[in-house]
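**Student:** Generate a structure from the sequence data that follows.
(chains A and B)
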Amino acid sequence: MIRLLRPFQNKSRLVLHRCEAPKTTATQATTIPVPWNTRLRELSKQGHYQQSLTVYRKMLRSGAAPNAFTFPFTLKSCAALSIPIIGTQLHSHVTKTGCLCEPFVLTALISMYAKCLLSEDAYKVFDENPLCKKLTVCYNALIAGYVQNSNLLNGVSLFREMRRMGVSVNAVTMVGLASGCTNPLHMSLGMSLHCLSLKSGFGNDLAAENCLLSMYVKCESIQLARKLFDDIPGKGLITWNAMISGYAQNGLGTHALDLYYEMESSGISPNAVTFVGVLSSCANLGARRIGQEVEQKISNLGLGFNLFLKNALINMHARCGNLARARAIFDEMHEKSLVSWTAIIGGYGMHGLGDIAVELFDEMIRTGILPDGPVFVTVLSACSHAGLTNKGLGYFAAMQRDYGVKPSIEHYSCVVDLLGRAGRLEDARKLIDSMPVEPDGAVWGALLGACKIHKNVDLAELAFHEVVKLEPTNIGYYVLLSNMYTEAENLSGVLRIRLMMRERKLKKDPGCSYIEFKGKIHLFVAGDRSHSQSDEIHSMLSKLQDLIKELDVTKKYNDEKSDRELSTGVGVHSERLAIAFALLNTEIGVDILVIKNLRMCGDCHLFIKMVSKIVDRQFVVRDATRFHHFRGGACSCNDYW
DNA sequence: CTAGGGTTAG
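**Tutor:** Residues are numbered from 1 along each chain as shown, chains lettered A, B, ... in the order given. The predicted structure follows:
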C-alpha cells in the first residue's frame, strides 16, 4: 500500500498548488481512506468543488491511499471547475492505483474529459479500456460528452453502435441524446427518441420526460411541448419550470404567466429558475406591476442574491420603463456579469439614452470585462437609436481589432441600421456588398427601414427585392414598401404589392396593443369589439376625439379619417382602444402601453400626445423598437413633429 | 452517465 501511494504523492505536490506541511507521521501513512471519501462525497453533493480538491490534497499528504470510491468525486470536481490539468493528474493516479477496472471511475474520467472540452481524451479512455464497450454507463458518459461538445452526430453513431453491440440502452442514454436536440433541425431525431422512450418504458422517468419536454421547446415546437406537459402525471418543479421558460423563450409571455399562476394554485413552490422565466415574460410584455409583485416575492423568499435573478430584474425594469430601478439594482450588485452590463446598456439604448449606454460600455471595458458578440449588438443598437453614428462605427471597427470578436450577421445589420438612419444609405449599401457573409433578411430589412425614413423609393425597391427572396412570408416588408408607395402617391406600386401579397396568400399579421391592469394583460387589435368594456371604450374614444379637435389648432391630426373609423368601428387603431381602456380603469399614474409588430406612426403619436395633455397623465409607450414618453403637459419626444 | 435559468438589431 505504501509503495502504491508514494510515487504520485510527490508529483501531486508539483501541480496541486501549495501544500501545507504534512502533519502526519510515517505510521499514519497506511490510514484507510473511508473517512476521507465520506468527506469528499459530502462536499461534492453540496457543490463545494474547490474545497473537495483541497481535501484530496490533504488526503494524499496524510498518507491515505485513494481508491475507487475517491476518484468519482474528485474527478467530478475537476469537471465542474473545468481544470483538465488536475484531471489529467487524477487520471494517472487512477491508473497507478489500478482503479481503471471500476465502472464508476471510468465514467467519471470520460465525463471529466468531456466537460473540460477534451472529447478526444474522453474517447481515448473509452477506446483503451475494453470493459467500457460492455457498459451502458460508459457509453452514456461518452455520448453525453459528445453532445455537450455540440457533436450530436458522434453521439448518434455511438448510440447506433451500442445497439448493434447489444449493450442495453436506458433512460440516461436517451436524456444524453435528447439534450443535444437544440434547434428545429433536430426535431425528427428528438421525436424518434420520444418514441423510443415510450416503447422502452422510460415514460416513468421524470428526468427523461422533462428532457423531452425541453427538447420540444428548443425545437420551437411549443404545442408538442405543451401536449407532453399535460400528459406528464407527476409533474415536478423542473417540469413546470421547463414549460414556463419554454413559453418565455418563445415569446409567449401571457402563456408563461398563466402557467405560473396555475403552478402556484396547484401548490408547487416556485424557485429562482421559475422567477427567471416569469420576469423575462414580464419584460417582454411590459407587465410592470406583475413584475413588481414578483420582485417583492423574490425578496420575501430570500432569493434576492441570485445573479440570474438580478439580471432578469434589471432587464424587466428597463423594459417596463423603470430605468431608475434597473440602474439601482445594477449599481448595488457587488458581482456584475457581462449579462448584467448587457441588460443595463440595452435598457438605456432602448430609451434613446445612447450617451449613457456608451459611457457604461466604456466603463465596462475599463473594469476589465471582455465584451462578447451580444453586448456589441446591444451597444451598436444604442448608438443607432441615439444617432451616435461615428461612435457606433468606432465600436464596429474595434470589436474585431481590439477584442477579437468576429462581427456576425447581427452586427452587420446593426451597422446597416446605424448608417441608414444617419442617411448614409449608399455607405450602408456598400457595406452590404462588402460583407464576408451572405446578407440575411434582417440586413436588407434594416436598409429597407432606413429607406423608409429617408424616403428613398429606388433603393427601397432594391432592398425589398432582396429581402423578399430571403423571407417571402414576412409580411412586414410588404407593408413597409406599400406604405412608402402610399406616401409617394404611387398607386400602381401599392396595387402591385397588394397583388403579390394576395398571390402569396399572406394575411396581414395584425399589430396589437396591450396594457396591464390588475395583473392581467388586456390586448386589443385594430377594430376590436370583443372586449367586455367595448361600448364604454368607444364612447370614451369619441369624447376624446371631440376634445382633440378643439385642441388641435394646426390640424395636423387627421380627424376625418378617425371620425370615419370611429363611426364604423372598422380599423380603429389598437393603441387608441388600449389608451381608452386605461383611462377607464387605471388610477392616475404612469401607464405602460406596449405595441407589438408595429412601429408607432405619426398619427398615433399625435393622438397619444393630445390625450396625455387633455387628461394630464403620463403614458409610457413601447413599440417595436423603442420607448416613447408622454408626460402630460409637456411631451418630450419630438421625433415626428 | 441524465432533466429547468439571465443579455442580442429590425
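
**Student:** Could you use CA atoms for every contact and neighbour count after this?
**Tutor:** Fine.

**Student:** any residue of stretch A:356-368 up close to DNA strand B?
**Tutor:** No. Stretch A:356-368 does not reach DNA strand B (Cα under 7 Å from any atom of the strand); its nearest approach is 12.7 Å.

**Student:** Quick check: buried residues in that stretch?
**Tutor:** The neighbour-count check on stretch A:356-368 (16 or more other Cα atoms under 10 Å) flags A:357-358, A:360-361, A:364 as buried.

**Student:** For that stretch, which outside residues touch it?
**Tutor:** With contact meaning Cα atoms under 8 Å, 6 or more residues apart in numbering, stretch A:356-368 is reached by A:341, A:344-346, A:348-349, A:371, A:379, A:382-383.

**Student:** Check the offset of that stretch from the chain's centre.
**Tutor:** Offset of stretch A:356-368 from its chain centre (Cα atoms, centre = their mean, to the nearest Å): 22 Å.

**Student:** Same check on stretch A:483-500?
**Tutor:** 37 Å.

**Student:** With only the CA atoms kept, save the strand or helix carrying residue A:360 in PDB.
**Tutor:** Assigned by DSSP states H and E, residue A:360 belongs to helix A:354-366. Extracted as PDB, the C-alpha positions of helix A:354-366 are listed here (Å, rounded to 0.1, in the frame of the first residue of the first chain):
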ATOM      1  CA  GLY A 354     -27.300  56.400 -26.100                       C
ATOM      2  CA  ASP A 355     -24.800  58.700 -24.300                       C
ATOM      3  CA  ILE A 356     -25.200  56.800 -21.000                       C
ATOM      4  CA  ALA A 357     -25.200  53.500 -22.800                       C
ATOM      5  CA  VAL A 358     -21.900  54.300 -24.400                       C
ATOM      6  CA  GLU A 359     -20.500  55.600 -21.100                       C
ATOM      7  CA  LEU A 360     -21.500  52.400 -19.400                       C
ATOM      8  CA  PHE A 361     -19.900  50.300 -22.200                       C
ATOM      9  CA  ASP A 362     -16.600  52.200 -21.900                       C
ATOM     10  CA  GLU A 363     -16.800  51.800 -18.100                       C
ATOM     11  CA  MET A 364     -17.300  48.000 -18.500                       C
ATOM     12  CA  ILE A 365     -14.200  47.800 -20.700                       C
ATOM     13  CA  ARG A 366     -12.200  49.800 -18.100                       C
END
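
**Student:** Let me know the average pLDDT across that helix.
**Tutor:** The average pLDDT for helix A:354-366 rounds to 97.

**Student:** What of stretch A:424-443?
**Tutor:** 95.

**Student:** buried stuff in that stretch?
**Tutor:** A:424-425, A:428-429, A:431-432, A:439-443.

**Student:** OK, contacts around the residue nearest to the spatial centre of chain A?
**Tutor:** By Cα atoms, centre = their mean, chain A has its centre lying nearest to residue A:249, at 6.2 Å. Residue A:249 makes contact with residue A:277 under the criterion Cα under 8 Å, 6+ apart.

**Student:** can you narrow the buried residues of stretch A:424-443 to ones near DNA strand B?
**Tutor:** Contacts with DNA strand B are made by A:441-443 out of the buried residues of stretch A:424-443, judged by Cα under 7 Å from any atom of the strand.

**Student:** Let me know the closest of those residues to DNA strand B.
**Tutor:** For these, the residue nearest DNA strand B by Cα to the nearest atom of the strand is residue A:442; the value is 3.6 Å.

**Student:** Sticking with the nearest residue to the closest one once chain neighbours are set aside, tell me its helix or strand.
**Tutor:** Counting by Cα to Cα, 6 or more residues apart in numbering, residue A:442 lies nearest to residue A:413, which is 6.2 Å off, once chain neighbours are set aside. Element membership for residue A:413, per DSSP H and E: helix A:409-421.

**Student:** And the pLDDT for the closest residue to residue A:574 other than its chain neighbours?
**Tutor:** Nearest residue to residue A:574 in three dimensions, chain neighbours excluded: residue A:526, at 4.3 Å (Cα to Cα, 6+ apart). Confidence at residue A:526, expressed as pLDDT, is 78.

**Student:** Then residue A:552?
**Tutor:** 65.

**Student:** near DNA strand B at all, the host helix or strand of residue A:311?
**Tutor:** Using DSSP H and E, the element containing residue A:311 is helix A:307-319. Yes. Using Cα under 7 Å from any atom of the strand, helix A:307-319 reaches DNA strand B at A:307-309, A:311-312, A:315.

**Student:** What is that helix packed up against?
**Tutor:** Counting contacts by 3 or more Cα pairs under 8 Å, 6 or more residues apart in numbering; DSSP states H and E, helix A:307-319 is packed against helix A:272-285, helix A:288-300, helix A:323-332, helix A:338-350.

**Student:** can you pull the buried residues of the third one?
**Tutor:** The one in question is helix A:323-332. Buried residues in helix A:323-332 (16+ other Cα under 10 Å): A:323, A:326-327, A:329-330.

**Student:** Identify all contacting residues around that helix.
**Tutor:** A:310, A:313-318, A:336, A:340, A:344, A:347-348.

**Student:** Now with 7 Å, please.
**Tutor:** For helix A:323-332, contacts defined as Cα atoms under 7 Å, 6 or more residues apart in numbering pick out A:314, A:317-318, A:344, A:347.

**Student:** Could you do the second one as well?
**Tutor:** With contact meaning Cα under 7 Å, 6+ apart, helix A:288-300 is reached by A:279, A:282, A:304, A:316, A:320, A:519.

**Student:** Would you mind extracting the C-alpha trace of the host helix or strand of residue A:578 into PDB?
**Tutor:** Take DSSP H and E as the rule and residue A:578 turns out to sit in helix A:574-585. Provided in PDB are the C-alpha atoms of helix A:574-585 (Å, rounded to 0.1, in the frame of the first residue of the first chain):
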ATOM      1  CA  SER A 574     -55.400  49.200 -31.400                       C
ATOM      2  CA  GLU A 575     -53.400  51.700 -29.300                       C
ATOM      3  CA  ARG A 576     -56.300  54.000 -29.100                       C
ATOM      4  CA  LEU A 577     -58.500  51.200 -27.700                       C
ATOM      5  CA  ALA A 578     -55.800  50.500 -25.200                       C
ATOM      6  CA  ILE A 579     -55.500  54.100 -24.200                       C
ATOM      7  CA  ALA A 580     -59.200  54.500 -23.700                       C
ATOM      8  CA  PHE A 581     -59.300  51.300 -21.700                       C
ATOM      9  CA  ALA A 582     -56.500  52.700 -19.500                       C
ATOM     10  CA  LEU A 583     -58.400  55.900 -18.900                       C
ATOM     11  CA  LEU A 584     -61.500  54.000 -17.900                       C
ATOM     12  CA  ASN A 585     -59.800  51.600 -15.500                       C
END
